[in-house]
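Engineer: Please work out how this folds:
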Amino acid sequence: MTAWAEKVVTSGKFSLDGGSWDVDNNVWLVGDDNELIIIDAAHDAEIIAAAVGGRTVKAIVCTHAHDDHVNAAPALARLVDAPVLLHPDDRELWNMTHPDRAPDGELADGQELPVADVALRVLHTPGHAPGAVSLYSERLGAVFTGDTLFQGGPGATGRSFSDFPTIIDSIRERLLWLPPETVVHTGHGADTSIGAEAPHLEEWVARGH
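Structural biologist: Residues are numbered from 1 along each chain as shown. The predicted structure is shown next:
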């Protein structure tokens, strides 16, 4: 059976550096009728688990550890009986939300996560957060970028643990080499494509987006 990506939108708060903002998050389910991987566990474990249904969850993969992307991870892990995977460079951020519950495994650059008839390749794309990752599937023609790349530019870098030159390097070196038709499934908002975003790199750099 051919794998596909499903989007579940959940709503809640993003909090960091003493501020709090209302946000809608994209949670991605990648797989088929039998098994899947969940990308990000945002806000509401029960809504995400309901979308899973009776399918086997191979892993809950965190694109980064900002609280709006991981706040439902422990509860979701219990509901769907799956491990939570995080890049080790984001462990400090994770501990700010879940000091008493460690992730179950680590993500590494170049790692392949098989699910159904596809594989998701882990691309370490720091900048928005130190351990931010993107997940690329050549077969799906898609990359799941979390908060690294959006429609219209890079993710925010004005808060703790973030760095603008680093996110630009990540996008330039890890994402823009992908085929231009590659669909970019983001952590918030609408999809875009590598071909739509690539021509604007120097504009982002010039304005220090």
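Engineer: In stretch 107-116, which of the residues would be classed as buried?
Structural biologist: Residues Leu107, Gln111, Leu113, Val115, Ala116 are the ones in stretch 107-116 that count as buried (16 or more other Cβ atoms under 10 Å). The C-beta positions use only the backbone N, C-alpha and C, and glycine is treated the same way.
Engineer: In helices, which of the residues you listed fall?
Structural biologist: Using DSSP state H, no member of the buried residues of stretch 107-116 falls in helices.
Engineer: With respect to Thr125, which of these is nearest?
Structural biologist: For those, the residue nearest Thr125 by Cβ to Cβ is Leu107; the value is 11.4 Å.
Engineer: Pro179 versus the closest one, what's the distance?
Structural biologist: Going from Leu107 to Pro179 by Cβ to Cβ, to the nearest Å gives 23 Å.
Engineer: for Gln111, same thing?
Structural biologist: 21 Å.
Engineer: burial measure for the closest residue to Thr182 other than its chain neighbours, as a count.
Structural biologist: Counting by Cβ to Cβ, 6 or more residues apart in numbering, Thr182 lies nearest to Ile194, which is 4.4 Å off, once chain neighbours are set aside. Ile194: 20 surrounding residues under other Cβ atoms under 10 Å.
Engineer: And for the one 4 residues further on?
Structural biologist: By other Cβ under 10 Å, 15 other residues sit near Ala198.
Engineer: my read is it is in a helix, agree?
Structural biologist: Yes - the assignment for Ala198 is a helix, going by DSSP: H, G, I helix; E, B strand; the rest coil.
Engineer: Am I right that it is in contact with Pro180?
Structural biologist: Yes - with contact defined as Cβ atoms under 8 Å, Ala198 counts as touching Pro180 (6.6 Å).
Engineer: Pull the contacting residues for the residue nearest to Gln111 when sequence neighbours are not counted.
Structural biologist: When the adjacent residues along the chain are set aside, Gln111 lies closest to Val122, with 4.3 Å between them (Cβ to Cβ, 6+ apart). Neighbour list for Val122: His87, Leu107, Ala108, Asp109, Gly110, Gln111, Glu112, Leu113, Val133, Ser134, Leu135 [criterion: Cβ atoms under 8 Å, 6 or more residues apart in numbering].
Engineer: Per-residue pLDDT of the second one, please?
Structural biologist: In the prediction, the pLDDT value recorded for Leu107 is 98.
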